[in-house]
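S.K.: Just need the structure, nothing else, for what follows:
(one chain, ligands or ions: 1)
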Amino acid sequence: MQPGGERVDGPAALPPEYSGAHAMLQARDLWLTVPARPGAVNTQHGQAEGSLHIVRGASLDLQAGVSLGIVGPSGSGKTSLLMLLAGLERPSRGSVRIDGTDLAGLTEDQRAQFRGRSIGIVFQSFHLIPSMTALENVAIPLELTGRADASRRAAEALEQVGLSHRLDHRPGQLSGGEQQRVALARAFAPGPRLLLADEPTGNLDLETGGRVADLMFALQRERGTTLVLITHDPALAARCNRVLAVSDGHLSEPVR
Ligand SMILES: Nc1ncnc2c1ncn2[C@@H]1O[C@H](COP(=O)(O)OP(=O)(O)OP(=O)(O)O)[C@@H](O)[C@H]1O
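M.R.: Numbering: from 1, shown residues only. Model (predicted):
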């Protein structure tokens, strides 16, 4: 990683507060270091036993409304990096600022509230609550952030992903593509400034995955949401404004 991190510029018509030096998402020298198993020799990075550096000095600046694809081999640290950006993991070193808020300055509860309002997350395996209907799954984050009209907004969000005829279906009664569309509705419904997507098409066949990706990019552009997309698929990553690669915990320009 170059000193100062990777700068990813936004589209031409950015609001003034997010142009220039004001990055919407700013990660600085992020490290995630965990203890290696007692007695285990850490050969992964050729270093002494005792600690495992899963993310190693990742930095980036991302302007509002920009999409960034992150590629890299299995086990290289992509999901771990995303967890740091979401504030779901605490960095061992470094900082994450989103819309000017330093995640380290928030308590656990404040971070959860902040995430609920400002960050949408989409996972490979959907992570819907099986006992709840599509409508309830989408309404939950809205209720948690205190929206009085959660149910109406959830219904609108499901309509926007073409699922107004599936409001009362539980995840087990939905196809994989439909479940991921529910997950997209859930992620976008609170109007997040940042969407973090971890292999959102990884559990879907090519055609269904393509349709889910089309929908995700359409919503992202329409809402001006900043997107960080993790994927194994170079073609999907290439749909983003910019692509970076993770290798052995390092973030860098991908090798072409
Ligand atoms: N809390 C943890 N403790 C120990 N090792 C961990 C922890 N979290 C992740 N790892 C290890 O760090 C490495 C990176 O994991 P990560 O899930 O970030 O990779 P990835 O690039 O997302 O992989 P994949 O593409 O297969 O999902 C893996 O070897 C994983 O086993």
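S.K.: so where do the strands sit in the stretch 151-256 of the chain?
M.R.: 194-198, 226-230, 242-247, 250-252 (DSSP state E, counting those that start in this stretch).
S.K.: Tell me which strands the third one pairs with, and in which orientation.
M.R.: Read it as strand 242-247. strand 67-71 (parallel), strand 250-252 (antiparallel) (DSSP bridges).
S.K.: Go through the ones you listed and pick out the most buried.
M.R.: strand 67-71 (a mean of 24; mean count of other CB atoms under 10 Å). In this view, the C-beta of every residue, glycine as well, is placed from N, C-alpha and C.
S.K.: Near the ligand, which residues of the protein? Just list them.
M.R.: 34, 52, 54, 72, 74-80 (CB under 6 Å from any ligand atom).
S.K.: Just the residues you listed: which are in helices?
M.R.: 78-80 (DSSP state H).
S.K.: Export the strands of the stretch 151-256 of the chain to TSV and append columns for distance to Leu206 and mean pLDDT.
M.R.: Formatted as TSV, those follow (distance: least, CB to CB, whole Å; pLDDT from 0 to 100):
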stretch	distance to Leu206	mean pLDDT
strand 194-198	17	98
strand 226-230	17	97
strand 242-247	20	94
strand 250-252	28	90
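S.K.: ranking the ones you listed by burial, who's on top?
M.R.: Among the strands of the stretch 151-256 of the chain, highest average neighbours (mean count of other CB under 10 Å) belong to strand 226-230, with a mean of 26.
S.K.: Okay, now the sheet partners of it, with direction.
M.R.: Counting by DSSP bridges, strand 226-230 is paired with strand 67-71 (parallel), strand 194-198 (parallel).
S.K.: could I get these as TSV with distance to Gly105?
M.R.: Listed next are these as TSV, based on distance: least, CB to CB, whole Å:
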stretch	distance to Gly105
strand 67-71	24
strand 194-198	17
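S.K.: Show me the one of those strands that comes nearest Ser131.
M.R.: With respect to Ser131, and counting by CB to CB, the nearest of the strands paired with strand 226-230 is strand 194-198 at 23.5 Å.
S.K.: By mean pLDDT, point me to the weakest helix or strand of the chain.
M.R.: strand 6-8 (a mean of 49; mean pLDDT, DSSP states H and E).
S.K.: what's the pLDDT at Gly5?
M.R.: On pLDDT, Gly5 comes in at 48.
S.K.: Cool, thanks, signing off.
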